[in-house]
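Engineer: coords below, sequence missing:
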């Protein structure tokens, strides 16, 4: 029995496919690359054929771009297109561009409808139509309907394959049906109960079905208060429902409350990851769709816009410094210290803004607690403003041997940290009120506020105190 | 039948509990508050008794802090402690502090073991012991074992309730067992196959069990290559496995490969959200454990540390300005323009750093593509450096009517944007190599680099060009 434990320990420490950090091993990528280069389909199949689609996806990303479509062509019908759902959008588009539409249609036909939609939705309309045409009509109808729902909606993320039974069926009848039916979805977690018009009546979890004796009717078992979403609902709303109510699957209904499909939790995990990633990038000034596989040119152009906006605000802040040119010349210590006030304000504002943006995204910040949170941020700004007024004041006074200067920078610090607190919380709230994404646009406004207030308060107070005019 | 559709439409637009943004309605919170104030247990039960635990959790957070423990005491045995899993840590700790240990023990006894651990793990050791003592011995043993695993490990997140059967059982035998057994977990998605020593052999999804005829043995059905994790594995590793392989549940084994419990996807959704949140906050200079319900004092103190570090780096950057005091006095335009160079560098570096930190967190950035990504960032820095050299140069030259000044700031801009690119990518990589969290500590180093390089290159080049010495 020791053998057993040993092999498990080995499996945990020495995965032939992935290193300790979970990245695909270089040696494996090289073996696959060599098999493709020498067009050795058998070797390739024996290396890749049995891998999980997620591993194939990561492998494709690790391969030289030029080898990727060749891998798919060499594998032929043995290539599972689900792997393409797992790769970056850019990588997928490049690969699909290289493959003949017939090959794509053949691959898409084997997919669950949600994966098929995921692959089709980013293709140009004409390619989409060409591929849809080559699919069996039932698949085509389901995919076309999904694609008609808005981008990032429940209708796009749902799969049209599900198990639905009438309320009159018993547990026994349902289990027999599952045993005999060959056309079931590949994986399912719940059974839905619908009326003759396919209107949603309730859901039965599989564990409930399994615990119940055969004569019981599903109508008695089903959870009739079960949450559902409209197909037009945004995927973020869907994700919130999954998180809040610990769901595994969520039925999707059309505007007549008819069952259209089901969103499963594995897709929602990706949505949550994607939405968090978008927020992180937006706060860092990076477009949500920038991917690690993008070209230098695409990335540089994408980031340029944000930097250009920032440059404009930097000039605005410098214009404030320019107003005090005479004073700066008379007292050059002001020029040396001014960036400290601005920088400290910028960082305090970023803290507040980060918390506000995140709390808005997760709906933790709402009308009910807004006033309390704004007040709290103001008090935090005052407290830290006072603390840093003292620290900065003492340091500046010691550096330039001028106690007055310490007093002036201290006062400016309080002003700017209060401005930072108010800007950091109010800007995201206002941006959100206008139904814009606070993660994307708050940063520019907020740092402009702290730069301008920082420079203006410090140099303004200095001008008055030292009578520099 | 129109009624049906109408009522669904109404349900979607007018939820009595939550407003359109998903926040608990103020009026409902007030009703509950009034019931607690007047100690009307019946009214309270009729309002709260049938709510989902997540709704009760959000309701508790929306209530006045002083009313929260009173709600629980009034509800008595009708209060489901699962709701306490859904609230902020701070809120939970405050509530548990107010309740007698006996009441907490009674509540914890009803919970799944993963929820019980979640509530117990943050309590002081003596309170933990006191509560554990009052639990039935089987529960106590399971919880004590979970609590012995490291914080944020699979062992802490797993529930000890699962369904396990021997490999010799048939589908029919298993289904009969499920129908007759009263002690099953509240919810389960898979059945595990174990040997006589409880060593993990494989998993059978419930849909597979339902599709298969009664005489088939589970040993033939089970997925023997099914992934499992050690109880000591970090929850982030667990989350990556769920995401990568689209799992619903993941068996947790001890160091002998014996089944210890199971982590379910609903807990992992929370982990993913939590980890993304930590990264977002860390990048914004906020501690990962800061919560919306924290007090002003707690928050101000938490943010103070980060601001203090930033203040030190701001003084360092200003010291660079101080080196050029004479030059600044001779040419005050330099003082006005210097912050632009620093700010543009800081923003470009933040873009690169954000992408790097995120790609490290999701394991997309690894040894295999590191060199390519560093080179790419360098080229992006050069491209945008050149672009902003021209724009800033022209603007500065026009503003101060000094073409030379445009040339100088342009050169400095290229230097600083290249420094930003290298700092933005290399700092997180080095921090990660030292096994520290790059989200937490990269920002300070990176902006120090761009401030110092920005000031030094601009003023240095200006000093040489204009012969200011």
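Structural biologist: Cool, the structure landed. The structure displayed is predicted, hence computed values, not measured ones.

Engineer: In three-state terms, label the nearest residue to residue A:342 once chain neighbours are set aside for me.
Structural biologist: Excluding its sequence neighbours, the residue lying closest to residue A:342 (C-beta to C-beta, 6 or more residues apart in numbering or on different chains) is residue A:454, at 3.6 Å. Every C-beta, even on glycine, is put in place using the N, C-alpha and C of the backbone. Three-state secondary structure (criterion: DSSP: H, G, I helix; E, B strand; the rest coil) places residue A:454 in helix.

Engineer: ok, how many other residues are close to residue A:454?
Structural biologist: The local packing of residue A:454 (other C-beta atoms under 10 Å in any protein chain shown) involves 30 other residues.

Engineer: Would you mind confirming that it is in contact with residue A:409?
Structural biologist: No: Residue A:454 lies out of contact with residue A:409 (C-beta atoms under 8 Å); the separation is 10.3 Å.

Engineer: joint contacts of those two?
Structural biologist: Shared contacts of residue A:454 and residue A:409, defined by C-beta atoms under 8 Å, 6 or more residues apart in numbering or on different chains, comprise residue A:341.

Engineer: Give me the distance between the residue nearest to the spatial centre of chain A and chain B.
Structural biologist: Nearest residue to the geometric centre of chain A (C-alpha atoms, centre = their mean): residue A:274, 1.8 Å. In this view, residue A:274 and chain B are 10 Å apart by C-beta to the nearest C-beta, to the nearest Å.

Engineer: how much space between the closest residue to residue A:22 other than its chain neighbours and residue A:20?
Structural biologist: Spatial nearest neighbour of residue A:22, excluding adjacent residues (C-beta to C-beta, 6+ apart): residue B:363 at 4.8 Å. According to C-beta to C-beta, to the nearest Å, residue B:363 and residue A:20 sit 11 Å apart.

Engineer: Ok, residue A:428 next?
Structural biologist: 39 Å.

Engineer: So for the two, which residue has more residues nearby?
Structural biologist: More crowded of residue A:428 and residue A:20, by other C-beta under 10 Å: residue A:428, with 30 against 8.

Engineer: And the residue of the stretch 301-450 of chain A closest to chain B?
Structural biologist: residue A:354 (2.7 Å; C-beta to the nearest C-beta).

Engineer: Got the phi and psi for that residue?
Structural biologist: With angles defined as degrees, to the nearest 10, residue A:354 sits at phi -60, psi -50.

Engineer: and the closest residue to it other than its chain neighbours, what does it touch?
Structural biologist: Counting by C-beta to C-beta, 6+ apart, residue A:354 lies nearest to residue B:284, which is 2.7 Å off, once chain neighbours are set aside. Shown in contact with residue B:284 (C-beta under 8 Å, 6+ apart): A:283, A:350, A:351, A:353, A:354, A:355.

Engineer: Thought residue A:421 was touching the third one, still the case?
Structural biologist: By that I understand residue A:351. No: Residue A:351 is beyond contact range of residue A:421, at 9.1 Å (criterion: C-beta under 8 Å).

Engineer: Which helix or which strand is home to residue A:259?
Structural biologist: strand A:259-264 (DSSP states H and E).

Engineer: counting contacts, what elements does that strand pack onto?
Structural biologist: When contacts are defined as 3 or more C-beta pairs under 8 Å, 6 or more residues apart in numbering or on different chains; DSSP states H and E, strand A:259-264 sits against helix A:113-120, helix A:154-157, strand A:190-194, strand A:249-253.

Engineer: circling back: what score does the residue nearest to residue A:354 have for pLDDT?
Structural biologist: Predicted confidence (pLDDT) for residue B:284: 89.

Engineer: picking that back up, tell me the average confidence for the strand holding residue A:259?
Structural biologist: Here the average pLDDT along strand A:259-264 is 95.

Engineer: thinking in terms of the whole chain, how far from its middle is it?
Structural biologist: 21 Å (C-alpha atoms, centre = their mean, to the nearest Å).

Engineer: Tell me what angle it forms with strand A:190-194.
Structural biologist: Our comparison of strand A:259-264 with strand A:190-194, counting by axes from the mean of the first three to the mean of the last three C-alpha atoms, to 10 degrees, yields an angle of 160 degrees.

Engineer: Which is the succeeding secondary structure element to strand A:259-264?
Structural biologist: helix A:265-283.

Engineer: what residue ranges in the stretch 351-469 of chain A score low on pLDDT?
Structural biologist: Counting by pLDDT under 70, the ranges of the stretch 351-469 of chain A that qualify are A:469.

Engineer: residues from it in reach of chain B?
Structural biologist: Within the stretch 351-469 of chain A, the positions near chain B by C-beta under 8 Å from any C-beta of the partner chain are A:351, A:353-355, A:358-359, A:362-369, A:373, A:376, A:379-380, A:383-384, A:387-388, A:391-392, A:395, A:399, A:451.

Engineer: domain assignment for chain A?
Structural biologist: A:17-151, A:164-279, A:296-466 (automatic domain parsing).

Engineer: Around chain B, which positions in the stretch 51-200 of chain A sit nearby?
Structural biologist: Contact residues, the stretch 51-200 of chain A versus chain B (C-beta under 8 Å from any C-beta): A:52, A:54, A:58, A:62, A:175, A:178-179, A:184, A:187-189, A:197, A:199.
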